[in-house]
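Asks: here are the coordinates; sequence isn't available:
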């Protein structure tokens, strides 16, 4: 019997070559992450956890390609928000310990610290431009900071509850805030003054997204409803849309019409705004609440972090071509359509009870409203 031929080194290399995946592998953390953020131009993601630690990873679609670059344990309590500067050189972090930290992205060195930035724990953060950033705390106070002066240049206490999210318009003039008191706040940062609070909605307002080229503002709520405001009509909602979800804990715009939402039920839903439709499920943290979503700047990836101590990556390339142009659509089933191969729902009964809610009264009243409004 002839001896088997020896395997050549070239064949060995092929056998052991790392497999290319559609998305990077999950990142496993030692504690639940509250917050994640993608680097603006490199394949790097940052995460902040409930222990106050901050981790920065490089990620890759090659199997085994994810790598921890550095970690920082400067915060004494839970890290609530992380965000890269627009040039990608700095990482801003805020914490329940009332501190703001600015770290050097290359090695994680602490560059700037505002140790008692607020009188209560910090909950939200928005980098506005290369000099300005805004922070919101558990007590409803908003501050705008100028790095050139090394101090806050605007301090406003208009909300009665925690500030959950902050957004800014394209002109960097108006700052919008959502709060646990159920209101949307509007602040003029050019003139450094408070403009108005909206009427209170049901439940906490938890997240904010600017949609339709800045003409619409969508706010998520703890009741599972998306509230819509017209730009320059912030006093009262123009429409609302109830999802079959326990809550909307985080929300992220993907296109001018589509947002992704994360909920306590662990499902990431893609939702079209005007016409208001749940398109389907991008993915899930099974049975674990989702804390935050982030959109990659260099690839068609969405990342999510949840109470399962994982950061997961999802392929959202299909969402860029989705067009929802009919208001009344006959529903084929109660299942949530699977929008990525890692999402449940394709033939499974996991989503059998996650049915889309009927169109709201406001939406039916506005059936004739076009996207150009």
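Replies: Here it is on my side, so go on. A quick note: this is a predicted structure, and the numbers were derived from the prediction, not measured.
Asks: element containing the nearest residue to residue 122 once chain neighbours are set aside?
Replies: Sequence neighbours aside, residue 94 is the residue nearest to residue 122 in space, at 3.8 Å (criterion: C-beta to C-beta, 6 or more residues apart in numbering). Placement of C-beta: from N, CA and C, glycine included. Residue 94 is part of strand 90-95 when elements are defined by DSSP states H and E.
Asks: what are the pairing partners of that strand, and which direction each?
Replies: strand 79-84 (antiparallel), strand 100-104 (antiparallel) (DSSP bridges).
Asks: from the contact counts, what lies against the next helix or strand after the last one?
Replies: Right, the one you point to is strand 100-104. Tracing the chain C-terminally past strand 100-104 and defining elements by DSSP H and E, one meets strand 110-114 next. Of the remaining helices and strands, those touching strand 110-114 by 3 or more C-beta pairs under 8 Å, 6 or more residues apart in numbering; DSSP states H and E are strand 100-104.
Asks: in contact with residue 150, which residues?
Replies: Residues in contact with residue 150, defined by C-beta atoms under 8 Å, 6 or more residues apart in numbering, are residue 112.
Asks: separation between residue 161 and residue 66?
Replies: Residue 161 sits at a distance of 37 Å from residue 66 (criterion: C-beta to C-beta, to the nearest Å).
Asks: what do you get for residue 259?
Replies: Distance of residue 259 to residue 66, given as C-beta to C-beta: 27 Å.
Asks: then residue 191?
Replies: To residue 66, residue 191 is 45 Å away according to C-beta to C-beta.
Asks: please identify which of the two sits among more neighbours.
Replies: The residue with more neighbours, out of residue 191 and residue 66 and counting by other C-beta atoms under 10 Å, is residue 66; that gives 20 against 10.
Asks: tell me the pLDDT at the closest residue to the more buried one other than its chain neighbours?
Replies: For residue 66, the nearest residue in space outside its immediate sequence neighbours is residue 59; the separation is 5.0 Å by C-beta to C-beta, 6+ apart. With respect to pLDDT, residue 59 scores 98.
Asks: got a list of what residue 59 touches?
Replies: Contact partners of residue 59, counting by C-beta under 8 Å, 6+ apart, are 24, 27, 43-45, 65-66, 313.
Asks: just to revisit the earlier point, want to throw the strands paired with strand 90-95 into TSV with distance to residue 179 and mean pLDDT?
Replies: Formatted as TSV, the strands paired with strand 90-95 follow (distance: least, C-beta to C-beta, whole Å; pLDDT from 0 to 100):
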stretch	distance to residue 179	mean pLDDT
strand 79-84	15	98
strand 100-104	20	98
